[in-house]
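S.K.: task: produce atomic coordinates for the following.
(one chain, ligands or ions: 1)
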Amino acid sequence: MSSSSSKAVRPAVVWFRGSDLRIHDHEPLLEAAKASKGHVVPVYCFDPRQVGPAAKTRCGQFPKCGWQRTRFIVECVEDLRRNLQRLGSNLVVRVGEPEEVIPDIVSITGATEVFGQKEVCSEETGVEHRLAKRLSVPLTLRWGAITLCHRDDLPYERSCSDLPGVFSQFRKAAEACVPIRPPRPPPPSLQPLPQPIAGDPGHVPPVTQLSPNAPAKADERGVLTFVGGETVARTRVKHYLWDTDCIATYKDTRNGLVGADYSSKFSPWLAHGCVSARWIHSEVKRYERERVKNNSTYWLVFELLWRDYFRFVALQHGTAIFKEGGVQRKGIAWRHSPLDLSAWQEGRTGFPFVDANMRELAATGFMSNRGRQNVASFLTKDLLIDWRLGAEWFESLLIDHDPCANYGNWNYAAGIGNDPRQGRHFNVIRQAKTYDPAAEYVHLWVPELKHLPAPFAHTPYQAPHGELEAAGVALEKSYPRPIVASLDNGRIPIRGGAAKMYSAGKPFKGPKWMDRDGQEAGSNTSDGGGRSRSGKRRGRHNRKPRVQGGWS
Ligand SMILES: Cc1cc2nc3c(=O)[nH]c(=O)nc-3n(C[C@H](O)[C@H](O)[C@H](O)COP(=O)(O)OP(=O)(O)OC[C@H]3O[C@@H](n4cnc5c(N)ncnc54)[C@H](O)[C@@H]3O)c2cc1C
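M.R.: Below you'll find the predicted structure:
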C-alpha cells in the first residue's frame, strides 16, 4: 500500500483483553484488519484492578494475580508483541484501566472503531459498559473463538437462558448438532502503527514491578515450566499430540499427579487465549485422521466441552456464580475459621494428600484436576469453610485461572452449582490411596514424610510409633495432626484448636463420601473403604448408579 493511500485510511483499534492473547483464530483482529485495510492499532492494558500489587480478591483480600500468573501474562504479552511485529504492526502496551486508556488511543490515532472479544463475567462486562460510554466511536465485541462451540451455533437463546442445568445434556446437544467452526489463520500482514503512537508503543512492565515478591527461580518440582504465549502454546500442543502421542492414552493417564504428560497442561494457554480451543480441536481431528482415533482423543474434546459449558453457565447466571449461594442460590451456613483456612492454604491440614496439592499450587501455580477436586471438597465438605475463599485462593495462585472455569467448578464442588448429585464428597484418604498408591506425589511435596512408606504416608496419624520414628516423623512437631475429625467419625486425634471449634459449633452431621465415579463410598469410614455406616460391606448392587453428567 502506498504511503498516500495509507494516510487516507483511518485505523481501527483492536483491544486484546487477556483471554485472547494470540494472532491466529482471532475474529476481532481479522475484522478490524478487514475494516481498516490492515491499519490496526492493537492494544493491551495491564489493568491495575486485575494485575499488580493493589489488586486484591473480594472476600479474602488475597493478591488477585499471584506472581506465577503475572509472569505468565507478561510472557504472553511479549510474545503477542513479537508476533504482531512479524506481521508488520506492533502492540501498544499501557498500564491503566482500558476505559481510560482506549479512548485516549482512539483520539490520538483518529481510529474509527474499537474491536474486541466479548466477555461474560461481571468485572469484564463492567469494563465493556464503561468503555462503550466513554468512546466516541463504536465498540464492536465478538464472541469469536473463546469457546469450542460458538455461542450463536448453540440450540439455545443467545443469553443461554435455556442452557440445560446438567453438563451431559449440553454435551449431547453439542455433539449432535453444533458444528465446530474451523480456526482462522492470522491476517497475512498488517500496516505499521500510525504516528504518533508508533513512537510510543510502551514497555511491557517487568514482573518484579507487578509482583514485587516474585522469586527469581521456579520450583523444580513443578510439572512443567509454563512459558506464556502463542509460540510456546503451539509447541506444547505439537508435543502432546504429534511428538509423543500422549493424547492417544490421555483417558488412562489424565488422573495422574506427577510429571508433564499425564494430562495435556493446555489450560494456562487456553485461559489466556494463546491457542483457541477450535485450533486444538482441529489438531485433534487431524491426529485422529492421520494417527489414531480412540476414547482418549474423544475425551480431550469432551473436557474442552466442560470448559465451554462453564462459560455458557456464567453467561446464563451472571453474577450468581460469584455469590455465596451460587447458581442454585442456596443458603449454606459456612464455618468461619481463619485458622483452618490458613492450614488449608499453606498445606498444613495433617492430610498429606491435601497438603501436597496445596503446596504444589502455592509453589508452582498449577494443580492437577484430581487434586483440585479433592482440595475443594475438603475445604467445603470437611472444613465447611465458605467456598468463595477457596475459589479466591485459586484465583490468586492458578496460572490457568479462568473465572468461568474456576468459579463454575467451585460452585460444583461446594454443592451449589451444576451438579445433579447433591452433597458430592470426596474421601481424600481413599483418593490418595487410589491415585497415589506409592505416595510418590506426597513424598515429592511433603518431604517431611518422604521416608514414611505408603500407605502410612497418607495417614501418618495411624502409623505405629516405630514406623514414625524410623521415618523421622514426629507428629505435631515435624508434621501436623489432622485438623478435622469428621473424616473418621471423630476417631482421628485432631489438633486441639480445631476440635474445640467443632464442639463449639453445631453438631457435625457425618458427611457421605463419594468415590471417583461419584458413587457413594461409605460414610465417615477411615478410608471410605466401601463400608456403610453400620459397618457392613456394601454389595456392588447396593451402589448408587454412576451420576450422569458428574465430574469424572
Ligand atoms: C475447584 C476447581 C477449580 C478449577 N479452576 C480452573 C481454572 O481456573 N481454569 C481452568 O482452566 N480449569 C480449572 N479447573 C478445571 C481443571 O482442573 C483444569 O482445567 C485442568 O486440571 C487443567 O489441566 P490440563 O490442561 O492438563 O487438563 P486436561 O485434563 O488435559 O484437559 C484439557 C482441557 O480441558 C479443559 N478442562 C478440563 N477439565 C475441565 C473442567 N473441569 N472445567 C473446565 N475446563 C476443563 C481445560 O481447558 C484443559 O486444559 C478447575 C477444576 C476444579 C475442580
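
S.K.: low-confidence regions, this protein specifically.
M.R.: Scanning the chain for pLDDT under 70 picks out the ranges 1-8, 486-552.

S.K.: what are the structural domain limits within it?
M.R.: Following automatic domain parsing, one finds the domains of the chain at 11-145, 147-181+229-318, 338-542.

S.K.: report the distance from the first one to the chain centre.
M.R.: What that stands for is domain 11-145. Distance of domain 11-145 from the chain centroid (CA atoms, centre = their mean, to the nearest Å) equals 20 Å.

S.K.: got the residues of the protein near the ligand?
M.R.: Counting by CB under 6 Å from any ligand atom, the positions of the chain adjacent to the ligand are 254, 263-267, 270-271, 300, 303-304, 306-307, 310, 368-369, 372-373, 376, 394, 398, 400-402, 405-406, 409-410, 413. Bear in mind the C-beta positions are built from the backbone N, C-alpha and C, glycine included.

S.K.: apply 5 Å and report the result again.
M.R.: Proximity of the chain to the ligand is confined to 254, 263-267, 270-271, 303, 306-307, 369, 372-373, 376, 400-402, 405-406, 409-410 under the rule CB under 5 Å from any ligand atom.

S.K.: which SS class is residue 73?
M.R.: The three-state assignment at residue 73 reads helix, by DSSP: H, G, I helix; E, B strand; the rest coil.

S.K.: quick one: it and residue 65 touch, right?
M.R.: Yes - assessed by CB atoms under 8 Å, residue 73 is found in contact with residue 65 at 7.4 Å.

S.K.: give the residues shared as contacts by the two.
M.R.: Listed as contacting both residue 73 and residue 65 by CB atoms under 8 Å, 6 or more residues apart in numbering are residue 51.

S.K.: now do residue 474: how many residues are near it, please.
M.R.: 11 (other CB atoms under 10 Å).

S.K.: wait, what's in contact with residue 109?
M.R.: Taking CB under 8 Å, 6+ apart, we find residue 109 in contact with 10-11, 13, 41, 194, 197.

S.K.: repeat for residue 165
M.R.: Residue 165 makes contacts with 418, 420, as judged by CB under 8 Å, 6+ apart.

S.K.: use 30 as the first number for this chain going forward.
M.R.: Let's use 30 as the start, then, which means that last one is residue 194.

S.K.: element containing it?
M.R.: Following DSSP states H and E, one finds residue 194 outside all helices and strands.

S.K.: distance check, residue 285 against residue 243.
M.R.: 28 Å (CB to CB, to the nearest Å).

S.K.: identify the residues contacting the residue lying closest to residue 396 once chain neighbours are set aside.
M.R.: Among residues not flanking residue 396 along the chain, residue 390 sits closest, at 4.5 Å (CB to CB, 6 or more residues apart in numbering). By CB under 8 Å, 6+ apart, the residues touching residue 390 are 396, 400, 404, 423, 426-427.

S.K.: let's see that with 10 Å instead.
M.R.: By CB atoms under 10 Å, 6 or more residues apart in numbering, the contact set of residue 390 is 95, 97, 374, 376, 396-397, 400-401, 404, 422-423, 425-428, 474.

S.K.: next: residue 446.
M.R.: 194, 339, 342, 346, 349-350, 355-357, 359, 416, 436-440.

S.K.: and the closest residue to it other than its chain neighbours, how far from residue 191?
M.R.: Distance criterion CB to CB, 6+ apart; nearest residue to residue 446, sequence neighbours excluded, is residue 440 at 2.8 Å. Distance of residue 440 to residue 191, given as CB to CB: 19 Å.

S.K.: out of the two, which sits in the busier spot?
M.R.: Neighbour count, other CB under 10 Å: between residue 440 and residue 191, residue 440 has more, with 29 against 10.

S.K.: what about residue 218, neighbour count?
M.R.: 12.

S.K.: name the SS class of the nearest residue to it once chain neighbours are set aside, please.
M.R.: Excluding its sequence neighbours, the residue lying closest to residue 218 (CB to CB, 6+ apart) is residue 117, at 4.9 Å. Following three-state DSSP, we place residue 117 in the coil state.

S.K.: for residue 117, give me its contacts.
M.R.: Residue 117 sits next to 67, 216-222 when contact means CB under 10 Å, 6+ apart.

S.K.: next, count neighbours for residue 238.
M.R.: The number of residues packed near residue 238 is 16, by other CB under 10 Å.

S.K.: so where does it fall, helix or strand?
M.R.: Here residue 238 is assigned to helix 236-239, by DSSP H and E.

S.K.: in this protein, where's the longest helix?
M.R.: helix 324-346 (DSSP state H).

S.K.: by contact count, what packs against it?
M.R.: Helix 324-346 sits against helix 196-206, helix 279-282, helix 296-300, helix 306-319, helix 432-443, with contacts defined as 3 or more CB pairs under 10 Å, 6 or more residues apart in numbering; DSSP states H and E.

S.K.: could these be laid out in JSON lines, adding distance to residue 167?
M.R.: As requested, these are exported to JSON lines (distance: least, CB to CB, whole Å):
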{"stretch": "helix 196-206", "distance to residue 167": "32"}
{"stretch": "helix 279-282", "distance to residue 167": "43"}
{"stretch": "helix 296-300", "distance to residue 167": "29"}
{"stretch": "helix 306-319", "distance to residue 167": "26"}
{"stretch": "helix 432-443", "distance to residue 167": "26"}
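
S.K.: out of those helices, flag the one nearest residue 260.
M.R.: Nearest to residue 260 among the helices and strands packed on helix 324-346 is helix 296-300 (10.3 Å), distances taken as CB to CB.

S.K.: kindly export that closest one (C-alpha atoms) in PDB.
M.R.: C-alpha atoms of helix 296-300 as PDB (Å, rounded to 0.1, in the frame of the first residue of the first chain):
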ATOM      1  CA  SER A 296      -5.100 -24.900  30.500                       C
ATOM      2  CA  PRO A 297      -2.800 -21.900  31.100                       C
ATOM      3  CA  TRP A 298      -2.500 -21.200  27.400                       C
ATOM      4  CA  LEU A 299      -6.300 -21.700  26.900                       C
ATOM      5  CA  ALA A 300      -7.100 -19.500  29.800                       C
END
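
S.K.: give me the distance from that helix to the chain's centre.
M.R.: 8 Å.

S.K.: closest to residue 496 out of the helices and strands packed on helix 324-346?
M.R.: Nearest to residue 496 among the helices and strands packed on helix 324-346 is helix 279-282 (31.2 Å), distances taken as CB to CB.

S.K.: picking that back up, quick one: which of the contacts of residue 390 sit in strands?
M.R.: In strands, defined here by DSSP state E, there are no members of these.

S.K.: of those, which is the nearest to the ligand?
M.R.: Closest approach to the ligand among the contacts of residue 390 (CB to the nearest ligand atom): residue 401, at 3.6 Å.
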